[in-house]
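Engineer: Test case, fold it:
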Amino acid sequence: MCGIAGQFDFGGGAPVERDRLVRMTRLLRHRGPDDEGFYLNGAVGLGFRRLAILDLSPAGHQPMSDPAREVWIVFNGEIYNFREVRRELEALGHNFRSQCDTEVIVLGYLQWGDAVLRKLNGMFGLAIWDERKRRLIVARDAMGIKPVYYSVDGGVLTFGSEIRAVLAGLERRPSVDPVAISLFLRYRYTPAPLTAFAGVRKLAPGEMLVAEPGELRTQRWYEFVPTPFPQQPTDEEATDALLELYRAAVKRHLISDVPVGLLLSGGMDSGLLLGLMGECGKNWPTYTVGYGSSFRDDELDDAAETARHYGASNTAVRLDQKTFENALPRIVDAIEEPIASSSIVPMHFVCQRARQDVTVALVGQGPDELLGGYTRHLGVAYGGAWRKLPDAVRALLTATANVLPRGESLKRGVFALGVEDRMQRYQQVFSLVPDVTITSLFRPGILPEGAHDAILDCWNVHRSAIDALDELGGFQLLELRSSLPDELLMYGDKISMAHSLEARVPFLDREVVEYVQRLGPKFKVRNGQRKWLHRKVCRQFLPASIIQRKKRGFAVNVVDDWFRNSVSGEMRSHLLDRKALMFDYLNPAAVEQMHREHLSARRDNHKILFSLIIFEEWLRANHSRTEASGDSREPMPAPPEMKPLP
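Structural biologist: Numbering: from 1, shown residues only. I've put the predicted structure just below:
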């Protein structure tokens, strides 16, 4: 796991400035404290920071080239099937100088060109420079586990693993993108290709940039379209197949030349991971967040029981409300994009503690999105029955839900599942609040017309794949290609790498994902039970007491409770101070009304209020960074539209 940065003047061919490239790269030191390297050749420059995981020798140094020094790479991530690809390349006559996965990509590119990406099962953000063709490709992995940011200005492509590296390479400071902010407030994250900075983009999962003299384009390298199995497997066949895929994925994800641990919640997903890890070794260290004696509904006891079940050691990390409030600003700064998930706080502290012992940590992310683990999946799965009800019955039930004093999620769900257009229905299911509420938050003239539907443009590339899937499968495809990579996986990457910790997600192994996407909805939601097939697999490893535990997810219910207290106390000034930075964009009266409604218990606005707090903290972090650097540059305009290849 590492950090990459670079520039290519594909427009005019001007040389890259070494000092600028070094500055960009060294801002990523936390991602790679072990080594750094640079490659400059006229109009192209590549920078690299290394966190040594495989082949700790100097042979793993990057930028890395082939023996003829014609192809160069900077690579952030892990390729879990690199040994299989290596054997294939050796059979074709290629000789290797190292034991690391990076060299597999270099020689694979020489053999197969861009098609090498389709052979890789792993997580990555990478850049490959082909000196022969004067051609640069920058790519993000198929599942979007590793982020890649870029900007195009005056014919110069600037890219990096983090936004801070991209900003350091620009001539002009980007302004805030109000459309992206409106999407963040509505969905808690900003979908690719947008970021909160105008003119700074991020690659979507399975997407790459191709830059050649005078030309830059985006295209998808990952073209898998999930089609249902012609004959669905039996329950037993599906259970056996998924278990074997899980086993193989965990075994691959444990490949490491440095210590490995597990971030253990009290639930069955990370519990299953620990059970599968136990088939590959013993005494795995695990790490869990807890909240003290005042919150017995946290996960410490549950996680400790799971660890004891497998003979693993468990380390507890305890937080309190004051720690939450004090840590939030620096966590938001580390994430770089506003993300309104309360999980960011416990994630920060559990990664911090784990890094004292291990360099790699497995995380149980993925089964909820893949196999229907959220409440919203029940609504989507059974939404067709709701839409078939007589209009009068639906109207009565909707009116009953709307008179409830709180229950905002129920109200939104009832409305969303009644929308007839499929993509707009999905849009409403993802929404925290209605588009009219978001529009009312902004000052007049800030949002362009149609901003509330901008996410549909981000999803357009997936329409044909969604049309071939059932209702639940189509919704989950959007989760896997949008909300999961650009929200949960994004902050997981940023927070873990802020502590120089590599986080791996075995349940999102490419082979696992592609198999599950072809299964019908009955394997995900059945008889009102979520993650039906996943639970069947878990029963072969975990006792019923673990499988039946209430879903907590690092006890975010506790963090939510702290936040409810904070908006009437410590964080109240974020929302009510008319000098707050957010009010350059937002209407103070609308925010104050939301705050009053929440405190009076007329509405449960804690999710949107938390988003507003995160927005303010994000603005403060970037305002402080600009002031500290003496940056008085003019805002950078958005880049010209780049059309994907047909």
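Engineer: Okay, now the unreliable bits of the protein?
Structural biologist: By pLDDT under 70, the weakly predicted segments of the chain are 1, 292-298, 397-412, 550-571, 624-646.
Engineer: Have a look at it and report its longest helix.
Structural biologist: The longest helix of the chain (DSSP state H) is helix 606-628.
Engineer: Show me which residues of it are buried.
Structural biologist: Buried residues in helix 606-628, defined by neighbour count with 16 or more other C-beta atoms under 10 Å: 606-622. Backbone N, C-alpha and C define where each C-beta goes, glycine included.
Engineer: now swap in stretch 205-220 and tell me
Structural biologist: Using 16+ other C-beta under 10 Å as the test for burial, stretch 205-220 gives Pro205, Gly206, Glu207, Met208, Leu209, Val210, Ala211, Leu216, Thr218, Gln219.
Engineer: Out of those residues, the closest to Arg29 would be?
Structural biologist: Leu209 (24.7 Å; C-beta to C-beta).
Engineer: That closest one in helix, strand or coil?
Structural biologist: strand (DSSP: H, G, I helix; E, B strand; the rest coil).
Engineer: Contacts only, for it.
Structural biologist: Leu136, Ile137, Val138, Ala139, Tyr150, Leu157, Phe159, Leu203, Leu216, Arg217, Thr218 (C-beta atoms under 8 Å, 6 or more residues apart in numbering).
Engineer: Turn these into a markdown table, including secondary structure and distance to Pro230.
Structural biologist: Shown next, in a markdown table, are the contacts of Leu209 (DSSP: H, G, I helix; E, B strand; the rest coil; distance: C-beta to C-beta, whole Å):
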| residue | secondary structure | distance to Pro230 |
| --- | --- | --- |
| Leu136 | strand | 41 |
| Ile137 | strand | 35 |
| Val138 | strand | 37 |
| Ala139 | strand | 32 |
| Tyr150 | strand | 40 |
| Leu157 | strand | 43 |
| Phe159 | strand | 41 |
| Leu203 | coil | 33 |
| Leu216 | strand | 41 |
| Arg217 | strand | 36 |
| Thr218 | strand | 33 |
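Engineer: List only buried entries from these.
Structural biologist: The neighbour count (16+ other C-beta under 10 Å) marks Leu136, Ile137, Val138, Ala139, Tyr150, Leu157, Phe159, Leu203, Leu216, Thr218 as buried among the contacts of Leu209.
Engineer: and which of those is nearest Met582?
Structural biologist: Tyr150 (26.8 Å).
Engineer: can you tell me which residues contact the closest one?
Structural biologist: Counted by C-beta under 8 Å, 6+ apart, Tyr150 has contacts Val138, Leu157, Thr158, Phe159, Gly160, Val166, Val200, Arg201, Lys202, Leu203, Leu209.
Engineer: which of the buried ones among the contacts of Leu209 lies closest to Glu279?
Structural biologist: Closest to Glu279, out of all of these and judged by C-beta to C-beta, is Ala139, at 32.8 Å.
Engineer: ok, the residue nearest to that closest one when sequence neighbours are not counted - contacts?
Structural biologist: Closest residue to Ala139 apart from its sequence neighbours, by C-beta to C-beta, 6 or more residues apart in numbering: Met208 at 3.7 Å. Met208 is in contact with Asp114, Leu117, Ile137, Val138, Ala139, Arg140, Thr218, Gln219, Arg220, Trp221, counting by C-beta under 8 Å, 6+ apart.
Engineer: mind running it again at 10 Å?
Structural biologist: 114, 117, 126-128, 137-140, 148, 217-222 (C-beta atoms under 10 Å, 6 or more residues apart in numbering).
Engineer: From the residues you listed, pick the one nearest Asp320.
Structural biologist: Distances from Asp320 to those, taken by C-beta to C-beta, are shortest for Val148, at 36.4 Å.
Engineer: Please determine how far the closest one is located from Asp130.
Structural biologist: Plainly put, Val148 is 18 Å away from Asp130 if you go by C-beta to C-beta, to the nearest Å.
Engineer: Would you mind telling me which of those two has more residues around it?
Structural biologist: Val148 (28 against 17; other C-beta atoms under 10 Å).
Engineer: where exactly do the helices run in the stretch 401-550 of the chain?
Structural biologist: For the stretch 401-550 of the chain, the helices defined by DSSP state H, counting those that start in this stretch occupy 408-416, 422-430, 435-441, 454-459, 463-467, 471-478, 489-498, 510-516, 532-538, 544-547.
Engineer: so which of those helices is the most packed in?
Structural biologist: helix 489-498 (a mean of 24; mean count of other C-beta atoms under 10 Å).
Engineer: Summarise which helices and strands that helix is packed against.
Structural biologist: Counting contacts by 3 or more C-beta pairs under 10 Å, 6 or more residues apart in numbering; DSSP states H and E, helix 489-498 packs against strand 71-79, strand 122-130, helix 321-335, helix 344-354, strand 502-504.
Engineer: ok, 6 Å please
Structural biologist: Judged by 3 or more C-beta pairs under 6 Å, 6 or more residues apart in numbering; DSSP states H and E, the packing partners of helix 489-498 are helix 321-335, helix 344-354.
Engineer: Next, the buried residues of the strand or helix carrying Glu88.
Structural biologist: According to DSSP states H and E, Glu88 maps onto helix 82-91. Under the neighbour-count criterion of 16+ other C-beta under 10 Å, helix 82-91 has Phe82, Val85, Arg86, Leu89 buried.
Engineer: what's the nearest residue to the first one if we skip its chain neighbours?
Structural biologist: This means Phe82. The nearest residue in space to Phe82 (C-beta to C-beta, 6+ apart) is Asp101, at 3.7 Å.
Engineer: Surely the one you found and Asn81 touch.
Structural biologist: No: taking C-beta atoms under 6 Å as the definition, Asp101 is not a contact partner of Asn81, at 9.0 Å.
Engineer: ok so, going back, please dump the contacts of Tyr150 into a markdown table; it should also carry distance to Val176 for every row.
Structural biologist: Shown next, in a markdown table, are those (distance: C-beta to C-beta, whole Å):
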| residue | distance to Val176 |
| --- | --- |
| Val138 | 25 |
| Leu157 | 22 |
| Thr158 | 19 |
| Phe159 | 21 |
| Gly160 | 20 |
| Val166 | 15 |
| Val200 | 11 |
| Arg201 | 15 |
| Lys202 | 16 |
| Leu203 | 21 |
| Leu209 | 24 |
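Engineer: Pick the one among these closest to Arg376.
Structural biologist: For the contacts of Tyr150, the nearest to Arg376 is Lys202 (24.5 Å; C-beta to C-beta).
Engineer: hey, where'd the strands end up in the stretch 1-150 of the chain?
Structural biologist: Shown for the stretch 1-150 of the chain, the strands assigned by DSSP state E, counting those that start in this stretch span residues 2-9, 35-41, 44-50, 64-65, 71-79, 122-130, 135-140, 149-153.
Engineer: Output the ones you listed in a markdown table; the columns should cover distance to Ala601.
Structural biologist: Compiled in a markdown table, the strands of the stretch 1-150 of the chain are given as follows (distance: least, C-beta to C-beta, whole Å):
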| stretch | distance to Ala601 |
| --- | --- |
| strand 2-9 | 46 |
| strand 35-41 | 54 |
| strand 44-50 | 49 |
| strand 64-65 | 59 |
| strand 71-79 | 47 |
| strand 122-130 | 43 |
| strand 135-140 | 43 |
| strand 149-153 | 41 |
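Engineer: do you know which of these lies nearest Leu489?
Structural biologist: strand 122-130 (8.9 Å).
Engineer: from the chain's centre, how far out does that closest one sit?
Structural biologist: Centroid separation for strand 122-130 versus its chain: 18 Å, with C-alpha atoms, centre = their mean, to the nearest Å.
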